[in-house]
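> The following block contains a protein sequence and its predicted model.
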Amino acid sequence: MTKTALVAGGGIAGTVAAIALHRAGWHARLFESRPEGVADERGAFLTVAVNGLAALRALDLDPGKVLAAGFPTPSLAMIGAGGRRLAVLPLGGPAADGTVTTTIRRADLYAALHAAAVERGIPIEFGRRLTSYTEGRGGVAATFGSDPEIEAGLLVGADGLRSRTRELLNPAGPAPTYLGLLNAGGFTTGPVDAELDRTPGLMHMAFGRRSFFGWAPAPDGSVWWFANPPSRQPARPSDFTAESWRAHLIDLFADDAFPAAAIIRATDVAIGPWNTDDLRRVPVWHSAHVVLAGDAAHAVAPSAGQGASMAIEDAVVLGRCLAKAGETQKALTEYERIRRPRVERVVAAGRRNGSGKTAGPVGAAIRDAMLPLAMKLLYRKGNPQAWILDHRM
Ligand SMILES: Cc1cc2nc3c(=O)[nH]c(=O)nc-3n(C[C@H](O)[C@H](O)[C@H](O)COP(=O)(O)OP(=O)(O)OC[C@H]3O[C@@H](n4cnc5c(N)ncnc54)[C@H](O)[C@@H]3O)c2cc1C
């Protein structure tokens, strides 16, 4: 008899998990709390690393098709506060099939994944927020708002950083930790009034005097950018209007020698702010019929560029474990055994990366002087990120 799985969260982990479960012979139903057509703009775009893209292949999902609306960004130029290029580093790939780390608008990625799920006959129910569940010996009964409960053999909590499923599995926490950085992002809509390196595929990341800034030239001539202003307190929606947020960002980069201020001035709407959080060790990943995946289980700081890839890898492993083990709980135990050590190492690495994004004037001068040599030493025996990027399912 086909077993039914309810997947809470139609983001990356949830949609790919639904596809993986379907492939493993389960009847998967996907529930997304947002209404249909309402995009999630966090970060505006994201860079999906080559390990995550390669993992899609394990589900017969063609990364070229899923990421068709994006563009390749296989390398990264690091720019110092004085505008000097300090180092060029590999961002991942090419994999054996030619796949490289790719940058894509978040809304386009989610839409492509949803289309792949629908193509496989997986129903997506929008505007359905998981609120609670009860578990019995034979399965789980999940409640979505005031609708009647739905019974199934498995509930996958892929409901993101503020996961309700995680709260129910781990009533004592943890809660996400704010890392002291805000996020902004956008796409230029007019010409940039500054000299700009437009090398295709080269992502730039610059250590500004007061904030970190990243940008990439897109094939259509626009520039995609993000900023990470430091802030002791997390931002609240009422802290800025659209105009005051844009003006604040332009001001933050006014004294920097790289073209951040000009790029933001060429952008109609600076999206954000979002807070930067990660999640310390989540004690319980699963019970007999409930399991967490993606950010719900282990949120990686955005600066690691690995949250999406970890979510995809989770989904692939979950599907494989469920296809292999007869008993659901055994499969979930195996899934955690395989995934937990890797994701916790990636979360720790992401936290270390994020901590050096801004420095005082003296710290910045030392960093700019030392970084080229430090990078040469770090990369002399190959890419120190290889354990993340070269991981294959
Ligand atoms: C500003 C920013 C920039 C980032 N940049 C990058 C990057 O460049 N590269 C990278 O790899 N990662 C990046 N990340 C991290 C990445 O976005 C996440 O790791 C990734 O989205 C995790 O996928 P997920 O499916 O677990 O969670 P999500 O993508 O957050 O999806 C969770 C989904 O669940 C839905 N949901 C929530 N609660 C419920 C509920 N109770 N019931 C039903 N549905 C629910 C939400 O609406 C959402 O659609 C960034 C994050 C931020 C905040």
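In hand now; what should we look at? Numbering: from 1, shown residues only.
> residue boundaries of the strands in the stretch 151-300 of the chain?
154-157, 177-187, 202-207, 212-217, 223-228, 271-278, 290-292 (DSSP state E, counting those that start in this stretch).
> tell me how far the third one is from the chain's mean position?
A distance of 18 Å separates the centroid of the chain from that of strand 202-207, by C-alpha atoms, centre = their mean, to the nearest Å.
> The ligand versus Trp387, what's the distance?
16 Å (C-beta to the nearest ligand atom, to the nearest Å). For every residue, glycine as well, the C-beta is placed using N, CA and C.
> Quick one: list the elements packing against the helix or strand hosting that residue.
Element membership for Trp387, per DSSP states H and E: helix 386-389. Packing contacts for helix 386-389, counted by 3 or more C-beta pairs under 8 Å, 6 or more residues apart in numbering; DSSP states H and E, involve helix 50-57, helix 328-354.
> Show me the contact partners of it.
Contacts with helix 386-389, where a contact means C-beta atoms under 8 Å, 6 or more residues apart in numbering, come from 49-51, 92-93, 101, 306, 345-346, 349, 383.
> how about a cut-off of 6 Å?
Here helix 386-389 makes contact (C-beta atoms under 6 Å, 6 or more residues apart in numbering) with 50-51, 92.
> thinking again about what came up before, can you put the helices and strands packed on helix 386-389 in CSV and add mean neighbour count, mean pLDDT and distance to the ligand?
Formatted as CSV, these follow (neighbours: other C-beta atoms under 10 Å; pLDDT from 0 to 100; distance: least, C-beta to the nearest ligand atom, whole Å):
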stretch, mean neighbour count, mean pLDDT, distance to the ligand
helix 50-57, 26, 95, 7
helix 328-354, 18, 91, 9
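> Just put those in TSV and tack on distance to Gly157.
What follows is these, written out as TSV (distance: least, C-beta to C-beta, whole Å):
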stretch	distance to Gly157
helix 50-57	20
helix 328-354	12
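> ok, back up a step: to the ligand, which of the strands of the stretch 151-300 of the chain lies closest?
Between the ligand and these, the shortest gap by C-beta to the nearest ligand atom is with strand 177-187, which sits at 3.8 Å.
> For the closest one, list the C-alpha coordinates in CSV.
Taking Å, rounded to 0.1, in the frame of the first residue of the first chain, the C-alpha atoms of strand 177-187 are listed here in CSV:
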residue,chain,number,x,y,z
THR,A,177,20.4,33.1,17.1
TYR,A,178,20.7,36.6,15.6
LEU,A,179,24.3,37.0,14.3
GLY,A,180,24.6,40.8,14.4
LEU,A,181,24.2,41.5,10.7
LEU,A,182,21.3,42.7,8.6
ASN,A,183,20.7,41.8,4.9
ALA,A,184,19.7,43.9,2.0
GLY,A,185,19.6,43.1,-1.7
GLY,A,186,18.5,44.3,-5.1
PHE,A,187,18.8,44.5,-8.8
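> Show me what counts as buried in that strand.
178-187 (16 or more other C-beta atoms under 10 Å).
> quick one, phi psi at the closest residue to the ligand within the stretch 1-150 of the chain?
Nearest residue of the stretch 1-150 of the chain to the ligand: Gly11, at 1.9 Å (C-beta to the nearest ligand atom). Per-residue torsions, Gly11: phi -90, psi -140 (degrees, to the nearest 10).
> and the chain, which residues reach the ligand?
8-14, 31-34, 40, 42-43, 46-48, 129-130, 158-160, 164, 183, 274, 294-296, 300, 302, 305-309, 311 (C-beta under 6 Å from any ligand atom).
> Now, those that are in helices?
Counted as lying in helices by DSSP state H, out of the residues of the chain next to the ligand, are 12-14, 164, 295-296, 307-309, 311.
> now the strands of the stretch 151-300 of the chain as a markdown table including mean pLDDT?
Shown next, in a markdown table, are these (pLDDT from 0 to 100):
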| stretch | mean pLDDT |
| --- | --- |
| strand 154-157 | 98 |
| strand 177-187 | 93 |
| strand 202-207 | 96 |
| strand 212-217 | 96 |
| strand 223-228 | 97 |
| strand 271-278 | 91 |
| strand 290-292 | 98 |
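> Let me know which of those is tucked in deepest.
Stretch with highest mean neighbour count among the strands of the stretch 151-300 of the chain: strand 154-157 (a mean of 30; mean count of other C-beta atoms under 10 Å).
> what lines up beside that strand in the sheet?
Here strand 154-157 is paired, per DSSP bridges, with strand 4-8 (parallel), strand 290-292 (parallel).
> So for Ala152, which of these sits nearest?
Nearest of the strands paired with strand 154-157 to Ala152, taken as C-beta to C-beta: strand 4-8 at 4.2 Å.
> ok, back up a step: now the residue of the stretch 1-150 of the chain closest to the ligand. Nearest residue, chain neighbours left out?
Gly160 (5.9 Å; C-beta to C-beta, 6 or more residues apart in numbering).
> ok, now how distant is the one you found from Leu46?
According to C-beta to C-beta, to the nearest Å, Gly160 and Leu46 sit 14 Å apart.
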